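Trainee: Okay, here's the prediction I keep looking at, along with the sequence it came from:
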Number of protein chains: 4
Amino acid sequence: MSSIIGQTLKISIFGQSHAAGIGVVIDGFPAGITVDMEKLGQFLARRAPGGDRFSTPRTEEDRPEFLSGIVDGVTCGAPICAVIRNEDTRSVDYRELKDIPRPAHADFTAQMRYGGYQDVRGGGHFSGRLTAPLCIAGGLCMQLLEQKGIAVGAHIYSIGSLQDTPFDPVTVSEKDFPRTRFAVIDPVISEKMQELISDVRTQGDSIGGIVECAVVGMPGGIGDPMFDGIENRLAAILFGIPAVKGLEFGSGFAAARMRGSENNDPFCIQDGAICTQTNHHGGILGGISSGMPILFRVAFKPTPTIALPQQSVSLSKMEEVELKARGRHDPCVVPRATVCVEAAAAIAVCDMIL
Amino acid sequence: MSSIIGQTLKISIFGQSHAAGIGVVIDGFPAGITVDMEKLGQFLARRAPGGDRFSTPRTEEDRPEFLSGIVDGVTCGAPICAVIRNEDTRSVDYRELKDIPRPAHADFTAQMRYGGYQDVRGGGHFSGRLTAPLCIAGGLCMQLLEQKGIAVGAHIYSIGSLQDTPFDPVTVSEKDFPRTRFAVIDPVISEKMQELISDVRTQGDSIGGIVECAVVGMPGGIGDPMFDGIENRLAAILFGIPAVKGLEFGSGFAAARMRGSENNDPFCIQDGAICTQTNHHGGILGGISSGMPILFRVAFKPTPTIALPQQSVSLSKMEEVELKARGRHDPCVVPRATVCVEAAAAIAVCDMIL
Amino acid sequence: MSSIIGQTLKISIFGQSHAAGIGVVIDGFPAGITVDMEKLGQFLARRAPGGDRFSTPRTEEDRPEFLSGIVDGVTCGAPICAVIRNEDTRSVDYRELKDIPRPAHADFTAQMRYGGYQDVRGGGHFSGRLTAPLCIAGGLCMQLLEQKGIAVGAHIYSIGSLQDTPFDPVTVSEKDFPRTRFAVIDPVISEKMQELISDVRTQGDSIGGIVECAVVGMPGGIGDPMFDGIENRLAAILFGIPAVKGLEFGSGFAAARMRGSENNDPFCIQDGAICTQTNHHGGILGGISSGMPILFRVAFKPTPTIALPQQSVSLSKMEEVELKARGRHDPCVVPRATVCVEAAAAIAVCDMIL
Amino acid sequence: MSSIIGQTLKISIFGQSHAAGIGVVIDGFPAGITVDMEKLGQFLARRAPGGDRFSTPRTEEDRPEFLSGIVDGVTCGAPICAVIRNEDTRSVDYRELKDIPRPAHADFTAQMRYGGYQDVRGGGHFSGRLTAPLCIAGGLCMQLLEQKGIAVGAHIYSIGSLQDTPFDPVTVSEKDFPRTRFAVIDPVISEKMQELISDVRTQGDSIGGIVECAVVGMPGGIGDPMFDGIENRLAAILFGIPAVKGLEFGSGFAAARMRGSENNDPFCIQDGAICTQTNHHGGILGGISSGMPILFRVAFKPTPTIALPQQSVSLSKMEEVELKARGRHDPCVVPRATVCVEAAAAIAVCDMIL
């Protein structure tokens, strides 16, 4: 599989942080969908770096060129290929990385996997920059889902120990989705989170956080038992976002501390339709959608690359050395990752309903 | 995909709780592996129900018959098919389930997905009983991995709020794996957990918990970035175990509250080899194994079926009704699920190294 | 992949000729389909060996037991598993095969592939007997297709140089399908073919032939360009039938000798619908169905195992030796293969339309 | 699947004839392979159109730009993306095609499949031009195979009824591969074929032909039984080349007229190794390579687009009309398709040995 995923709708992501370009092929996207390029641009802008307290100073236009699959603004059924040229690259920053791997980064494992041939510049194919093509695919999928009355939205659930107001598991709807670059619901918490990230950056450190995501409007009866359930398919793509270390659906890890009588969601009838009074199950039972909002949370570790000195090893000399990383990095990936989570979820949901 | 998973090694699981049989086809298992049937039997016995405080009173021999793929105790390269006959079935218990879905169970979503044709007896294909064939495949994979110096082991990390001693992330080795039916490391906690489950059962309720699993001896450099990373592939199979609602690798959700300077694992040299001083990364960086133990935790919700009365709906009458479930069920799936987690992990790891 | 194939509908075939059993798992078959077991039995009987001039004297009931996926005669959406027990096995016939591979048989390549661990008894997993489970899956698919107005039928196009009346490419319909054990349209040719096979058997030799197959009632617009076209998907499964060495669609190899002005099928309007006057394209253009009958021919080589002495080598002594094969074999696989071609086509078409 | 194929090595092809570009993503290509760009250019030049009697007058540089996956001329393990810009496009030629489909072309089926949204300009994604990215991938795979001592080569076996000297099935080796733009072994036949094509073009017609391909140096024991055999995997990709209507391995359709005693290849020992005296099996037995040359032939229909008037229908008016196609087209695709067959085979073989 590697950088290709999907069954009916497949995406194939390519590129390295400092290669000529990055991009995505979207194979199996239906014909006849009018693409709103401005809306797509707005979606991508939420992920794009630069210009604020919480992201890397690297600035990129990140405007995709569509090489194929779209004719006069409408999809034609052929694979869609979008390319983003890499421009603001400073490869000189990364030269010593081939010898001294950054702790918690893929430098070391890539060295073992690719025998030293991997592209280390800017993290190569492991760079968070590769989430831009993921978001292009996701943005298109969101437009397709919208036509079917399905919306995907996420917010920053927590940064460090600061926590946003969670989505209401039962009533969450599209209007609750912040859709902003720093997607926090509670404005007071938002300000505190941005301060925290700013402080962490000043300290040369980084910090982790959690993204909460909801899929609303999903009809019941979608999915399959065992290995083709909604959880499996969301998981298979979500763990493809760099820095993701955890994933839970509905009450998730909290359910592990609960009794059945607490966690079970009573069925009820509302407006002539069957639903559940609570939504600990996160909209999924037996791998299949129940018609309630699909809810999950994704845990992101702190950005590995920090300015503080760390212990590493020199691969050539096989001795322990102190590493002081250079390069430009987000002190916290969570704000931009929120968009990536939306994108990944939209792709997986699209693939399931097609 | 549904009930088939894998790339080089594929497993195809079939059966329903009260069908003539359940089983698994294992396609791509290498030729020439001597199968230790006694050892496999011991592994399956850890998952089998019956006879103790913490599992369903349903008793089944669960002795698989191997129809193909093994000649004189040695694999021949052809697909291995193992079948378990269903014997101790009491289908009468489940008659009303077609009309009144159990809260938190797949009854309702299966109804929507299969239009009323699903096999409701004993949960059908959604039954926890279907983990028996998963464990057959997993048990064979563990024997194959053993030959390559890789061991997979799990323990009950928590039941409700009772927590076992965790694995040491850096030093965990095969000798730390309990390999018992109630796989808890700390004997005092083990006794308390069993009491808790016994109490919960008496109350007609159920309870959730967490399984912690380690893969030791895994060589570095296995895996791929993006969608074919170790996390993705473990997730894709682990969420196939019924009742799983969360998954985290290494420090997981805790990493979301940490700083990079805390969470990053410094590289060091030990006995001439590069390793990390701590193991917050759970043995995986960029989807690729680092050579450190692979560590993850799986959250299980409480068993949906409980004896306490619950609110549900009658699908035929479209009215809310009280449900009092009958049938025999585990008050807590975690003890038996521990074996399933080992099995699923062994299958995924086997598939990755073949 | 190995012995698993399919995208939405997947089949997983297992077993060896002399193992305890052979069978198939059918994953993704829709719920709610009533299975006509008698009809399935009739379909399988056409493939079953024994009792006539043209097949192996090995007799097997070949009555499948359905372990799962069917409840009270109706599919329930869970994977369907069918098993056939092997009974009339005479393993003693095959002992020397491990040392002296039969020319044109998989004995030699299996030895290289599986390092001597392969099951040589009766050809193991390479045996033509493994087409029985293929036909079980195919027979079920044919019943599903029937509900959608699609029929798949084949006949013996040729044995050696004796040729049957071909299907009319434009008008072929379900009533033209012989559906007999020796499926030849022209009764005079049929008699001659049976005599020829009988003669060949007496001579201790074997003979090849061609099967022609048609899919009628297939709606237009099914399929995809490039690697997911109808030809690709039929080919991927048809070459899984033992002894298949060639495949052509429409005018096939004959088209290679034609001009565009001859081979191009003019469009016309008939009864208000667009069709083609001729059908050199075999119902497929650009990988996608045109609405015309899908037509293809499959070339089978002569059965490798013959009674005449042949030159082979002793693997243990590394010297050339004369081989005189024993065991029971069809002098011509084509009559029984006709059913297998129908089955394989039905599976592929089912997978495409689901 | 659509335009993605492969298991370990996957290729994803995108683009339409008159889109901004066409290209390919190659996912799973090993790291550390030095790419000889000049050699790749020579390979692509054999497929490129223009400048001779037998191909379309459309001229394109067809020089791929590599956006990713190659650093300083060496593969880095990340997906390789190559793009070719479309420049010499004359879209005006194709306007009426949306209404009046060309006989034997995908115009009509694409209309049904994509509901009128398909890109008709130059055949869109169905254009033979899309074989350029296939050849880029194939050219890289050939360089990889070369390092392993495996060579893939094809020649024009026949045009109409003119036939080249076939490869010797037993002794064929790399030096027998013509590797020229008009890849015919016998120079006299080559001249006659070129004349024939030239005549056919003058007549406003087109003509079909057959490509014969050999894979030499393939080690024995590669492949799998049933659906993952070498024939299956070659077939799955070869039928992705436009205009392919037939495929046969070894003696192929001729085997259908033979007896076992003729078609079976006697084993013998030569230079201490086991081989076969003849090679009717085309190097494949039971889906697995025997170590003998792999041999197959691919039948191409005549180019659908011809200048002669043909009967078609107007989709808007639902009436029969005469079509006189414009645009630039090869009168015979076989010369250029020879390179595509080599490319497709190289990709499939690479995928199997990785």
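Mentor: Great, that's in hand. Residues are numbered from 1 along each chain as shown, chains lettered A, B, ... in the order given.
Trainee: And the helices in chain A?
Mentor: For chain A, the helices defined by DSSP state H cover A:37-47, A:107-114, A:131-147, A:187-202, A:230-238, A:252-255, A:260-263, A:334-353.
Trainee: quick one: which of the ones you listed is nearest chain D?
Mentor: Nearest to chain D among those is helix A:107-114 (3.9 Å), distances taken as C-beta to the nearest C-beta. Where C-beta positions appear, they are placed from N, C-alpha and C, glycine not excepted.
Trainee: Could you pull out the buried residues of that closest one?
Mentor: By 16 or more other C-beta atoms under 10 Å in any protein chain shown, the buried positions in helix A:107-114 come out as A:Asp107, A:Phe108, A:Thr109, A:Ala110, A:Gln111, A:Met112, A:Arg113, A:Tyr114.
Trainee: What is the neighbour count of the nearest residue to A:Glu320 once chain neighbours are set aside?
Mentor: Counting by C-beta to C-beta, 6 or more residues apart in numbering or on different chains, A:Glu320 lies nearest to A:Val313, which is 5.4 Å off, once chain neighbours are set aside. A:Val313 has 23 neighbouring residues, counting by other C-beta atoms under 10 Å in any protein chain shown.
Trainee: can you count the residues close to the residue of the stretch 101-250 of chain A found nearest chain C?
Mentor: Using C-beta to the nearest C-beta, the closest approach of the stretch 101-250 of chain A to chain C is made by A:Pro225 at 7.8 Å. By other C-beta under 10 Å, 29 other residues sit near A:Pro225.
Trainee: Also A:Val74?
Mentor: A:Val74 has 13 nearby residues by other C-beta under 10 Å.
Trainee: Hmm, it is touching D:Gly115, no?
Mentor: No - with contact defined as C-beta atoms under 8 Å, A:Val74 and D:Gly115 do not form a contacting pair (11.0 Å).
Trainee: Overlap of the contact sets of those two?
Mentor: A:Gly32 (C-beta atoms under 8 Å, 6 or more residues apart in numbering or on different chains).
Trainee: quick revisit: per-residue confidence at the residue of the stretch 101-250 of chain A closest to chain C?
Mentor: On the pLDDT scale, A:Pro225 is placed at 93.
Trainee: again with A:Ser55
Mentor: 65.
Trainee: For the residue of the stretch 101-250 of chain A closest to chain C, give its distance to chain D.
Mentor: 24 Å (C-beta to the nearest C-beta, to the nearest Å).
Trainee: ok, that residue to chain B distance?
Mentor: According to C-beta to the nearest C-beta, A:Pro225 and chain B sit 5 Å apart.
Trainee: Just list the residues touching that residue, thanks.
Mentor: Going by C-beta under 8 Å, 6+ apart, A:Pro225 touches A:Gly286, A:Gly287, A:Ile288, B:Ser2, B:Ser3, B:Ala106, B:Ala110, B:His125, B:Phe126, C:Ala78.
Trainee: which non-adjacent residue is nearest the last one?
Mentor: What it means is C:Ala78. In this structure, C:Ala78 finds its nearest non-sequential neighbour in B:His125, 3.6 Å apart by C-beta to C-beta, 6+ apart.
Trainee: Let me see the contact set for A:Ile13.
Mentor: Neighbouring residues of A:Ile13 by C-beta under 8 Å, 6+ apart: A:Ser3, A:Ile4, A:Ile22, A:Gly23, A:Val24, A:Leu130, A:Pro133, A:Leu134, A:Ala137, B:Met226, D:Pro79.
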